[in-house]
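Trainee: what shape does this take:
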Amino acid sequence: MTYRARGRSMVEVVLAICFVVFLVGFITVLCIGNYFRAKRAQERQRQRRLSKLAGASGNNSVAPGSVATGMYTNDGGMSYEAPPHVMAGGG
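Mentor: Predicted coordinates for the structure are as follows:
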């Protein structure tokens with residue numbers, strides 16, 4: 001079955017293909033941009049955390065709940081602490 005049999009002209013088919021290509025390209029550009037934005041934000045956060053850690057180790061005093069007890073341990077290994085959740089309604 002051809003497009004002519006369904007009553008569509010070649011101009012309509014080409015326009016539909018261009019529209020779909022535009023949508024896919026637009027969404028791809030948005031996804032790639034979001035990926036690089038998140039990557040930059042992650043690097044900025046890492047730099048902030050390292051500078052706080054360096055400042056805290058220079059004073060030889062670490063407050064409870066500070067950066068040293070966060071996601072990264074002092075030996076460079078990974079550990080994860082789940083954030084505390086507050087139950088709505090006093091539950």
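
Trainee: can we go C-alpha only for contacts and neighbour counts from here?
Mentor: OK.

Trainee: can you show me the helices along this protein?
Mentor: With DSSP state H, the ranges of helices along the chain come out as 10-58.

Trainee: pLDDT below threshold where in it?
Mentor: For the chain, applying pLDDT under 70 flags the ranges 1-5, 59-83, 85-91.

Trainee: let's see that with 80 instead.
Mentor: Applying pLDDT under 80 to the chain picks out residues 1-7, 57-91.

Trainee: state the distance from R37 to F26.
Mentor: 16 Å (C-alpha to C-alpha, to the nearest Å).

Trainee: before we move on, what about S57?
Mentor: S57 is 47 Å from F26, by C-alpha to C-alpha.

Trainee: got it, and Y35?
Mentor: Distance from Y35 to F26, by C-alpha to C-alpha: 14 Å.

Trainee: try L15
Mentor: 16 Å.

Trainee: list the buried ones in stretch 41-49?
Mentor: For stretch 41-49, the neighbour count (16 or more other C-alpha atoms under 10 Å) marks R49 as buried.

Trainee: kindly report the same for stretch 49-59.
Mentor: Neighbour-count burial for stretch 49-59 flags R49, L53, A56 (criterion: 16+ other C-alpha under 10 Å).

Trainee: ok, of those, which one's closest to G7?
Mentor: G7 has its nearest neighbour among those in R49, at 62.8 Å by C-alpha to C-alpha.

Trainee: can you show me the CA trace of stretch 46-58 as PDB?
Mentor: Extracted in PDB, the C-alpha atoms of stretch 46-58 (Å, rounded to 0.1, in the frame of the first residue of the first chain):
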ATOM      1  CA  ARG A  46      32.800  18.400  44.500                       C
ATOM      2  CA  GLN A  47      35.100  21.400  44.600                       C
ATOM      3  CA  ARG A  48      33.000  23.000  47.300                       C
ATOM      4  CA  ARG A  49      33.100  19.800  49.300                       C
ATOM      5  CA  LEU A  50      36.800  19.500  48.900                       C
ATOM      6  CA  SER A  51      37.500  23.100  50.000                       C
ATOM      7  CA  LYS A  52      35.300  22.700  53.100                       C
ATOM      8  CA  LEU A  53      37.100  19.500  53.900                       C
ATOM      9  CA  ALA A  54      40.500  21.200  53.500                       C
ATOM     10  CA  GLY A  55      39.300  24.100  55.700                       C
ATOM     11  CA  ALA A  56      38.000  21.700  58.400                       C
ATOM     12  CA  SER A  57      41.200  19.600  58.400                       C
ATOM     13  CA  GLY A  58      43.300  22.800  58.800                       C
END
